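Asker: Everything below, folded, please.
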Amino acid sequence: MVTRPLRWIDGGVQPVFAVKLASGRVIEATADHQWAVRSREGSRRPTWRSTALMTPGCAVPAPLTADFFGTLGGEWDGWFVGAMLGDGNMTGRTPVWVGHDDGTLRQIRDYAAKYGCQANVDDNNTWLRVRLVDPKWHCNALRDLLIEHRVWGLKGEDKRMANFPYTREFVCGLVAGLIDSDGSVESRQVEFANISEGLVRQLADVLLRLGVQSSVGSKRNNQSDNPLWRLRVADGRSVAQLKELVQLRADHKAMALASLAARIRASRRSAVGPRGYSKSIMWDRVIAIAPAGVKRTFCVDVQPSRLWVANGVVAGGSVAPSKGL
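Answerer: Predicted structure coming up:
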């Protein structure tokens, strides 16, 4: 069933509240916005409740495997874009990738050759600095490709994925490229870390579309004044799903992910999870609700289901301006 917005209704300027979820998502809504809520105590059956009546500890549903993908790009293209977003320099005249000879260098070489470019490697005994050079000195096919994907010129905390109708294969390749570059596979979880909050939160949304649950947080960065944003995949089902979806090129990470997926089990104390419901949804726990100022608000009238998704969470449509978001 496809839910279509019929009209937007101006709710005027109202106080709004920031609802922070265990996954790291933050949604701003008015006090009378309606949520499908499952209580922490008493009946576990979901009921409709306004923001004003919600309390930390209750949970709201978020859809998994939202199967909406486009027709742009292949898996290898996605991997290259992800690898450059993670460990690439895209601000000079020539694309530069930084990494290790762990399987990813071979992929960079082969991909560059596909576009008639060369990978010139500078080894400083710690990491490899690879300049992707086009023999045609007046142009660079890989730079042009990165421009087409709207990532060229981005650096540091400004790195973002473009909002294009990518194929499922491209998206899976993008995830693999990000993990191969700035990710790690540890004893209990898969982690991606970057100083760009926007990139990390985009990755969380992409994973949710693929049926993979994750949580986002930040910590102090000893190498910069900017915090380091981290995404973690720790739920057993999500780790197994991730392993089936992505083809990691870094040999040690691929082996570690296969090993982790084979032995990990979903934690009963996880802040998110299906908890006896359909595998198509997860329950994201509310951890805080706080005033977020006074802002212009709108509500949306949707049909036929009256349900829609806001920032990865199921919300209730309304026909009255009092139900604002």
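
Asker: In the protein, spot the strand with the most residues.
Answerer: When the chain is parsed with DSSP state E, its longest strand is strand 281-303.

Asker: Just the buried residues of it, please?
Answerer: Neighbour-count burial for strand 281-303, with 16 or more other C-beta atoms under 10 Å as criterion, is recorded at 281, 282, 283, 284, 285, 286, 289, 297, 299, 300, 301, 302. (Glycine included, C-beta is placed from N, CA and C.)

Asker: out of those residues, which one sits closest to residue 251?
Answerer: For residue 251, the nearest member of those is residue 282. The distance, counting by C-beta to C-beta, is 31.4 Å.

Asker: correct me, but the closest one touches residue 213?
Answerer: Yes - the pair formed by residue 282 and residue 213 meets the contact definition of C-beta atoms under 8 Å, at 5.3 Å.

Asker: wait, which of the buried residues of strand 281-303 is closest to residue 74?
Answerer: Lowest distance from residue 74 to those (C-beta to C-beta) belongs to residue 282, with 29.1 Å.

Asker: pLDDT weak spots in this protein?
Answerer: 1-4, 40, 42-44, 64-68, 265-280, 303-308, 310-312, 316-325 (pLDDT under 70).

Asker: which ones are touching residue 88?
Answerer: Taking C-beta atoms under 8 Å, 6 or more residues apart in numbering as the contact definition, residue 88 lies against 95, 96, 97, 98, 181.

Asker: repeat for residue 216
Answerer: Residues touching residue 216, when contacts are defined by C-beta under 8 Å, 6+ apart, comprise 23, 24, 25, 200, 201, 204, 229, 230, 231, 232.

Asker: Then residue 146?
Answerer: 81, 84, 90, 95, 152.

Asker: quick one: the second one from residue 172, how far?
Answerer: So the one you mean is residue 84. Using C-beta to C-beta, to the nearest Å, we find residue 84 at a distance of 17 Å from residue 172.

Asker: Which one of these two is surrounded by more residues?
Answerer: residue 84 (27 against 23; other C-beta atoms under 10 Å).

Asker: and the next element down the chain from the helix or strand containing the more buried one?
Answerer: Residue 84 belongs to helix 75-87 when assigned by DSSP states H and E. Sequence-wise, the next helix or strand downstream of helix 75-87 (DSSP H and E) is strand 88-89.

Asker: for stretch 243-257, how far is the first residue from the last?
Answerer: Stretch 243-257 has its terminal residues 6 Å apart, counting by C-alpha to C-alpha, to the nearest Å.

Asker: Just the buried residues of that stretch, please?
Answerer: Using 16+ other C-beta under 10 Å as the burial criterion, the residues of stretch 243-257 that qualify are 243, 245, 246, 248, 249, 250, 253, 254, 256, 257.

Asker: Who are the packing partners of the longest strand of the chain?
Answerer: Contacting strand 281-303 under the criterion 3 or more C-beta pairs under 8 Å, 6 or more residues apart in numbering; DSSP states H and E are the following elements: strand 4-21, strand 26-30, strand 59-63, strand 272-273.

Asker: Which other helices and strands does the first one contact?
Answerer: By that I understand strand 4-21. Counting contacts by 3+ C-beta pairs under 8 Å, 6+ apart, the secondary-structure elements packed against strand 4-21 are strand 26-30, strand 281-303.
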